[in-house]
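Enquirer: Kindly generate the corresponding structure for this input.
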Amino acid sequence: MGHTEENEYLPQHQRRRNIHKLSNEGGKYKKCLCFYLIVITSIKEIIMRIFAVNGSPNRDGNSATLTRILLDAAKAKGAQIDYVNIYDYKVTDVWENYFGDALYKKFEKAEDDDMPLLKDKMASADIILLASPIYWYQLSGKLKTFVDRWTDTINPDFSSDLRGKGLALVSTHTGVNAINASNILQLAMDSTAEFLGMQWLGGIECSSKMPFTTGRNAGHEIIAADFGEKLAQGQNLLGAPVFG
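Expert: Model (predicted):
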């Protein structure tokens, strides 16, 4: 017997009391439903924007392959992707007294290069992903120049326009990393992130046999895809939430 049928056999004052009770309960249910809808909507609205910069002159090499796998996985999870190769852009080397000029935004000596465009891309991103073959324990030459120019983002009070953004790394190298080349580079990027007030999200690496590449490696691809999914959800390499 439903509530309506039961009420027909009750006194009028009792019927009013029951209707009032049902109304209050309905209000509680509506409030709970609204709360859960707000939470679910908030979760769905977390869309990470990833700006990926490939620093390899080989546009289809290991660095590019590993990065694309990562970005495809991130995109499948809802991330917005902006992917460039630094070799397609003009980035002027630092010059004498560059640091002082950068603090006060004097970039005349940059000779109308592409750094303003690249800085806009970084400003629009939540995460900056660098991809590079390791050259002498460091980023490739042109990518290193690009990172050197991140001093452009430092203000007179030594705050940075990159503060709060995430920094991640994809690196490739020859051999079996016996000399810890990728570890040294990750440490350098971690320190860079700390100085600029960024969040270090971690790095992944892939080795190749000297002097040629090994081609595709299923294990490395799985790791790259997993990292991409985590970045899309605002997590670091360990799966700990950083954004949101």
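
Enquirer: mind listing the strands for this structure?
Expert: Ranges of strands within the chain are 49-54, 80-85, 127-133, 166-174, 199-208, based on DSSP state E.

Enquirer: What pairs with the third one, parallel or antiparallel?
Expert: Take DSSP bridges as the rule and strand 127-133 pairs in its sheet with strand 49-54 (parallel), strand 166-174 (parallel).

Enquirer: same check, this time on the second one
Expert: Each strand that pairs with strand 80-85, with its direction, by DSSP bridges: strand 49-54 (parallel).

Enquirer: tell me which residues in the strand it pairs with are buried?
Expert: Ile50, Phe51, Ala52, Val53, Asn54 (16 or more other C-beta atoms under 10 Å). Quick note: C-beta positions are derived from backbone N, CA and C, even for glycine.

Enquirer: chain center to it: distance?
Expert: 8 Å (C-alpha atoms, centre = their mean, to the nearest Å).

Enquirer: go on, stretch 217-230?
Expert: For stretch 217-230, the distance to the chain centre is 15 Å (C-alpha atoms, centre = their mean).

Enquirer: Give the rounded mean pLDDT of that stretch.
Expert: Average pLDDT, stretch 217-230: 92.

Enquirer: for this structure, which spans come out with low pLDDT?
Expert: Counting by pLDDT under 70, the chain has low-confidence residues at 1-45, 175-179, 208-216, 244.

Enquirer: switch to 90 and redo it
Expert: 1-46, 61-62, 136, 173-183, 206-220, 244 (pLDDT under 90).

Enquirer: where exactly do the helices run in it?
Expert: With DSSP state H as the criterion, the chain has helices at 3-8, 12-44, 62-76, 98-103, 115-124, 141-148, 181-196, 218-232.

Enquirer: Any chance you could list what contacts the last one?
Expert: Just to be clear, that refers to helix 218-232. 48, 50, 66-67, 69-79, 127, 129, 166, 168, 170, 201-202, 204, 206, 236-237, 239 (C-beta atoms under 8 Å, 6 or more residues apart in numbering).

Enquirer: Now do the contacts for the residue nearest the centre of the chain.
Expert: With distances taken as C-alpha atoms, centre = their mean, Ile127 lies nearest the centre of the chain, 2.9 Å away. By C-beta under 8 Å, 6+ apart, the residues touching Ile127 are Met48, Arg49, Ile50, Phe51, Lys165, Gly166, Leu167, Ala168, Leu201, Leu231.

Enquirer: Repeat that for Gly239.
Expert: By C-beta under 8 Å, 6+ apart, Gly239 lies in contact with Lys230.

Enquirer: just to revisit the earlier point, what's the closest of the buried residues of strand 49-54 to Met122?
Expert: Here the nearest of the buried residues of strand 49-54 to Met122, counting by C-beta to C-beta, is Phe51; it sits at 5.9 Å.

Enquirer: Okay, the nearest residue to that closest one once chain neighbours are set aside and Gly61: tell me how far apart.
Expert: Leaving aside its sequence neighbours, Phe51 sits nearest to Ala125 (C-beta to C-beta, 6 or more residues apart in numbering; 3.6 Å). Look at Ala125 and Gly61: by C-beta to C-beta, to the nearest Å, they are 24 Å apart.

Enquirer: Between the two, which has more neighbouring residues?
Expert: Shown here are Ala125 and Gly61; by other C-beta atoms under 10 Å, Ala125 has more neighbours (20 against 16).

Enquirer: how about that one, what does it touch?
Expert: Shown in contact with Ala125 (C-beta under 8 Å, 6+ apart): Arg49, Ile50, Phe51, Asp82, Lys165.

Enquirer: Now for the third one: which residues touch it?
Expert: This means Phe51. Neighbouring residues of Phe51 by C-beta under 8 Å, 6+ apart: Asp82, Val84, Lys121, Met122, Ser124, Ala125, Ile127, Ile128, Leu129.

Enquirer: Thank you, goodbye.
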